[in-house]
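Chemist: need the 3D shape of this:
(one chain, ligands or ions: 2)
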Amino acid sequence: MTAVSIRWLGHSTFWIDLDGKTILTDPFLSGNPFAAVKADDLTPDTICVSHGHGDHVGDLIGIATRTGCKVTANVEIARWAVKQGVGQPNAVGVNTGGTYNLGFAKVKYTIAFHSSSLPDGTYGGMPHGYIITAPDGRKIYFAGDTALFGDMRLYGDEGIDVAILPIGDHFTMGVDDSIRAVKLLSPRVVIPMHFNTFPPIAQDGAAWAERVRTETQATPVVLSPGETYTL
Ligand code: NI
Ligand code: MN
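Modeler: Ligands and ions are numbered 1, 2, ... in the order given. Sure thing, here's the model as predicted:
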């Protein structure tokens with residue numbers, strides 16, 4: 001089995017370790033009052049980006065240019081990253097439904113219903129989520145910023161081990177729709193994200209977890225920023 005751990009760094013930023021190889025999701029640490037670490041302290045192998053909003057790419061360019069890590073994003077964001085100084089071979093542009101093999105894991109870009117402009121106003125292409133498949137076949141679904149959509153059932157058909165879902169409401173699905181998403185995805189474990197960072201997305205994590213326990217088959221894992229869940 002692959003040793004897989006998931007550390008929440010705050011908001012939608014996770015440090016996913018697969019046998020010592022690491023994926024950083026949607027890096028937003030500078031400007032997040034609850035960030036568990038500083039951007040300068042991270043040296044990931046790969047950064048995966050779901051969409052172009054500042055609370056998902058805020059530290060993308062800084063970390064990618066300092067470390068020379070790989071970046072996977074949609075083609076528009078990958079192209080933008082190169083213009084911002086990320087090395088061309090490191091910026092991998094993919095598109096909806098496509099899978100990229102990182103060597104130590106595979107990343108499939110899934111649909112998401114949201115928007116995706118970049119901080120400087122550049123068109124950011126379609127928003128996405130992604131499914132990370134470990135070498136042993138276990139799957140982590142990171143939904144990105146999205147509304148509920150019925151095709152989550154199709155992703156659930158793949159057999160999701162861990163689903164990471166936004167619950168903050170206002171900019172993404174809220175608690176009620178996240179419960180419906182869990183029913184469509186049927187993950188073993190569900191981890192909430194994109195809540196409590198700012199007042200408009202305040203949610204009660206414990207109350208959410210109780211609903212997951214009573215209304216779905218999944219096990220909720222509510223992390224505090226800095227905490228790690230080991231699969
Ligand atoms: Ni967004
Ligand atoms: Mn967001």
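
Chemist: not counting sequence-adjacent ones, nearest residue to the residue nearest to the spatial centre of the chain?
Modeler: Of all residues in the chain, the one closest to the mean position by CA atoms, centre = their mean is residue 142, 4.3 Å from it. Counting by CB to CB, 6 or more residues apart in numbering, residue 142 lies nearest to residue 164, which is 4.7 Å off, once chain neighbours are set aside. Glycine gets a C-beta too; all of them are placed from N, C-alpha and C.

Chemist: next: residue 102.
Modeler: Closest to residue 102 by CB to CB, 6+ apart is residue 46, at 5.5 Å.

Chemist: neighbours of that neighbour, how many?
Modeler: 24 (other CB atoms under 10 Å).

Chemist: next: the one 4 residues further on.
Modeler: Each residue near residue 50 was counted by other CB under 10 Å, and the total is 27.

Chemist: likewise the one 5 residues further on?
Modeler: As a burial measure, residue 55 scores 20 neighbours (other CB under 10 Å).

Chemist: same thing with residue 103?
Modeler: 11.

Chemist: residue 34 too?
Modeler: With other CB under 10 Å as criterion, residue 34 counts 15.

Chemist: and it, how far is that from residue 56?
Modeler: Distance of residue 34 to residue 56, computed by CB to CB, to the nearest Å: 16 Å.

Chemist: and this protein, which residues reach ligand 1?
Modeler: 53, 145 (CB under 5 Å from the ion).

Chemist: in the chain, which ranges drop under the pLDDT threshold?
Modeler: Counting by pLDDT under 70, not a single residue of the chain qualifies.

Chemist: up against ligand 2, what does it have?
Modeler: 55, 145.

Chemist: the strands in the chain, which residues?
Modeler: For the chain, the strands defined by DSSP state E cover 4-10, 13-18, 21-25, 46-48, 70-74, 91-94, 99-101, 106-111, 128-133, 139-142, 162-166, 189-193, 219-220, 228-230.

Chemist: of all the ones you listed, which one is nearest residue 121?
Modeler: Proximity to residue 121 (CB to CB) singles out strand 70-74 among the strands of the chain, at 16.8 Å.
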